[in-house]
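K.L.:
Test case, fold it:
(one chain, ligands or ions: 1)
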Amino acid sequence: MGFILEGLDAEAYDRSYSDRQLIGRIISYFRPHLSLMLSVAGLIVLNSVMDTAFPVLISQSIDTMVTDKVMQTAIWLVVFILLAAVFSWTCNLFRQWFTARAVGNVVLQLRKDAFSSVMSRDMSFFDEFTSGKIVSRVTSDTDSFATVVTLTLNLLSQILLFLLVATILFFRNWQLALLACIILPAIIVVALGFRYIARRATRNAQRSLARVNANVQEVISGITVAKNFRQEQNMYDEFKQVNKQSYQVNVRSGFLYNGVFPVLVLIANLGTTIVVYFGGQNVLNQTLSAGDWFLFVQGIMLLWMPVTSIASFWSQFQLGLAASERVFALLDAEPRVHQIDGQPVAQLRGKIEFQRLLFSYDDRQTVLPNFSLTIQPGETVAFVGHTGAGKSSIAKLVARFYEFQGGQLLIDGHDIRSFDLHDYHRRLGIVPQIPFLFSGTVADNIRYAHPDATYEQVEEVAKRIGGGDWLEALPDGLQTEVGETGKALSMGQRQLVALARVLLQDPAIIILDEATASVDPLTEAQIQEGLDVILQDRTAIVIAHRLSTIKHADRIIVLNRGHMVEEGNHEALMQRGGHYSQLYNTYFRHQSPDYKPGEGFVPVLLPVEEEEEQEQATLH
Ligand SMILES: Nc1ncnc2c1ncn2[C@@H]1O[C@H](COP(=O)(O)OP(=O)(O)OP(=O)(O)O)[C@@H](O)[C@H]1O
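P.N.:
Predicted coordinates for the structure are as follows:
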């Protein structure tokens, strides 16, 4: 059976809260709506009193039937019953209305908190956890939280009803009432025992649903690649498996819940049988009136209703409790990036110093074992190296997306950990490899860095990129709609928008992860012109993929497995005939205007041990 639960483990940031902690936390969300909640409580009391009045009034009517004032009392009783019904309905209406408002407000707040908590997480969080699962915490889990609160309020009203009915029954005939309570321990034991199993089952059901969500989201995001590689069937098979797991988990928990409910009803019915039998005997012995007997038969139903209904909505209750646990775990997730201070960052010159930096994403591999480098203000440094050498990791550390484990990273001589991160990020421009555009116009996307920038300012920066020629190719110029994630623009146009966006931001340090996708020569020239403008007088870390950018860089850093193996400019490194020349032959040579296939390899003078390594590789 273990395979059913495969992949349903908790996320690393998940944690367990005791019921008391959870309830305390939920109550804290209701504190701002105290007056509304007090009104709900008052209405619950009135509602319960009215519900109790029904059997009491009817039992009175039965008893008056044996007296000579039948008509007179009956009329009054009918009027009372009618009024009680109307009053109970009105109380219920207002109670539901107020509850919906209070719960709605709380869910609103909880969703805001969950969303802002997701926004404040560092990048490692998004690398580690799938977006589908995060989405389901912010949306469906907060909804389930609402359910738990509504159910709790219903439960409170039923418990109140229980207390009222029990008090009346004990006053009428305490021996019979005591007899009816014989089954109480049995019901409580079953209901409590069930509680623990239910919580686990429900948590698994939610996790399996989140897994289905994550799977669907991944498939939709990667649909182009899937179709390109004809992977539709594989993706369908994978979905089928995840979906089947969700089905099995749900069937299991359904079986569990539905199996317990009949047991509780059976025990409750036993209680009713006892009351009917012994109560009937008392009526025959004339120690109990017929009205009171009726009151007991009716009352016993009301008495067990809360207990059995706790069990029947336990599944939803558990669902909500587990959901709130998941939302609170998201809210309480510990940040991985720790700032030791919150110094404001008004201006930056842009000096970056890596001092014996040690960094790894996880325990499996050290990405930067001991990295040292100083980048001067205004310098453009191109990082090159084989895939996995650590280029992006260096950029991510400067962006403070990840925490390093040892050494120092200084910006303008200050520890990067001492900055107010919000401020620091404002001075930092990032151009990712695949630029992400939000739906809206080109102008909206450029303005993203400065929402209050005027149209003229946006136009001015757009024209500084590639002389603004690229705008003419857009159907509505700056007002062109970019579509979802910028799909309506070509990759080159998206890059130009991203460059204009950074130019408007005017940061002191730029991290540029150059696109690998090739664009037409005209766009290439426009991008190059744009880069020249952007990189001027700013410190730039460029993860370079284009020969022209590398040649324009002030310094090239050659990385190999997290170590700096060479540094210098293009000409000097080429003359050296080392690692860089080798990379040039592999990646960049074909981008040269003098490139002719099959010729023009640069001679590479590899160090002895690397040469041996290569020979070994060739032999294998
Ligand atoms: N989020 C991550 N979690 C765990 N390991 C990672 C993560 N990102 C990168 N790595 C690992 O860290 C090492 C360095 O990766 P990095 O992305 O810095 O290389 P790179 O030089 O930028 O490569 P590329 O040119 O392919 O982007 C690689 O071995 C990679 O597998």
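K.L.:
what about the closest residue to residue 535 other than its chain neighbours, how many neighbours?
P.N.:
Closest residue in space to residue 535, ignoring its immediate chain neighbours: residue 380 at 5.1 Å, by C-beta to C-beta, 6 or more residues apart in numbering. Backbone N, C-alpha and C define where each C-beta goes, glycine included. Using other C-beta atoms under 10 Å, residue 380 has 22 neighbouring residues.
K.L.:
where's residue 380 relative to residue 509, distance?
P.N.:
11 Å (C-beta to C-beta, to the nearest Å).
K.L.:
any common contacting residues for the two?
P.N.:
Taking C-beta atoms under 8 Å, 6 or more residues apart in numbering as the criterion, residue 380 and residue 509 both touch 539, 540.
K.L.:
Spell out which residues of this structure are next to the ligand.
P.N.:
Listed as neighbours of the ligand in the chain under the rule C-beta under 6 Å from any ligand atom: 127, 361-362, 365, 367, 385, 387-393.
K.L.:
how about the strands in this structure?
P.N.:
Using DSSP state E, the strands of the chain run over 352-359, 368-375, 380-385, 406-411, 414-415, 428-431, 509-513, 539-543, 555-560, 563-568.
K.L.:
got the buried residues for the third one?
P.N.:
Okay, so that is strand 380-385. 380, 381, 382, 383, 384, 385 (16 or more other C-beta atoms under 10 Å).
K.L.:
same check, this time on the fourth one
P.N.:
For strand 406-411, a neighbour-count test (16+ other C-beta under 10 Å) marks 409, 411 as buried.
K.L.:
Could you tell me how far it lies from the centre of the chain?
P.N.:
Strand 406-411 has its C-alpha centroid displaced from the chain centroid by 31 Å (C-alpha atoms, centre = their mean, to the nearest Å).
K.L.:
Name the strands paired with it and say parallel or antiparallel.
P.N.:
strand 352-359 (antiparallel), strand 414-415 (antiparallel) (DSSP bridges).
K.L.:
how close does the nearest residue to residue 430 once chain neighbours are set aside get to the ligand?
P.N.:
Leaving aside its chain neighbours, residue 430 sits nearest to residue 511 (4.8 Å; criterion: C-beta to C-beta, 6+ apart). Remark: distance between residue 511 and the ligand (C-beta to the nearest ligand atom, to the nearest Å) = 12 Å.
K.L.:
same deal with residue 371?
P.N.:
11 Å.
K.L.:
what's the residue nearest the centre of the chain in contact with, if anything?
P.N.:
Central residue of the chain (C-alpha atoms, centre = their mean): residue 134, 2.5 Å from the mean position. By C-beta under 8 Å, 6+ apart, the contact list for residue 134 reads 118, 126, 330.
K.L.:
Was I right to think the first one contacts residue 136?
P.N.:
Translated: residue 118. No - applying C-beta atoms under 8 Å as the test, residue 118 and residue 136 come out as separate, 11.8 Å apart.
K.L.:
sorry, back to before: tell me the one of the buried residues of strand 380-385 nearest the ligand?
P.N.:
Distances from the ligand to the buried residues of strand 380-385, taken as C-beta to the nearest ligand atom, are shortest for residue 385 (5.5 Å).
K.L.:
isn't that closest one right next to residue 556, touching?
P.N.:
No - using C-beta under 8 Å, residue 385 is not in contact with residue 556; the gap is 10.2 Å.
K.L.:
Next, find the distance separating the residue in the stretch 501-620 of the chain that the ligand sits nearest to from residue 511.
P.N.:
The minimum distance from the stretch 501-620 of the chain to the ligand, using C-beta to the nearest ligand atom, falls at residue 543 (6.1 Å). Note on residue 543: its distance to residue 511, by C-beta to C-beta, is 8 Å.
K.L.:
Give me the common contacts of the two.
P.N.:
Taking C-beta under 8 Å, 6+ apart as the criterion, residue 543 and residue 511 both touch residue 395.
K.L.:
and the gap between the closest residue to the ligand within the stretch 151-300 of the chain and residue 235?
P.N.:
Residue of the stretch 151-300 of the chain nearest the ligand, by C-beta to the nearest ligand atom: residue 218 (16.3 Å). Distance, residue 218 to residue 235, using C-beta to C-beta: 9 Å.
K.L.:
Just give me how far stretch 31-47 sits from the chain centre.
P.N.:
The answer for stretch 31-47 is 32 Å, by C-alpha atoms, centre = their mean.
K.L.:
mind saving the C-alpha coords of that stretch as PDB?
P.N.:
The C-alpha trace of stretch 31-47 is given here as PDB (Å, rounded to 0.1, in the frame of the first residue of the first chain):
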ATOM      1  CA  ARG A  31      -9.500  39.300  16.700                       C
ATOM      2  CA  PRO A  32     -10.000  42.300  14.400                       C
ATOM      3  CA  HIS A  33     -13.600  41.200  13.800                       C
ATOM      4  CA  LEU A  34     -14.500  40.800  17.400                       C
ATOM      5  CA  SER A  35     -17.700  42.800  17.300                       C
ATOM      6  CA  LEU A  36     -19.000  40.700  14.300                       C
ATOM      7  CA  MET A  37     -18.000  37.500  16.100                       C
ATOM      8  CA  LEU A  38     -19.800  38.600  19.300                       C
ATOM      9  CA  SER A  39     -22.900  39.200  17.300                       C
ATOM     10  CA  VAL A  40     -22.600  35.800  15.700                       C
ATOM     11  CA  ALA A  41     -22.100  34.300  19.200                       C
ATOM     12  CA  GLY A  42     -25.300  36.100  20.500                       C
ATOM     13  CA  LEU A  43     -27.300  34.900  17.500                       C
ATOM     14  CA  ILE A  44     -26.000  31.300  18.000                       C
ATOM     15  CA  VAL A  45     -27.300  31.400  21.600                       C
ATOM     16  CA  LEU A  46     -30.700  32.700  20.500                       C
ATOM     17  CA  ASN A  47     -30.900  30.200  17.700                       C
END
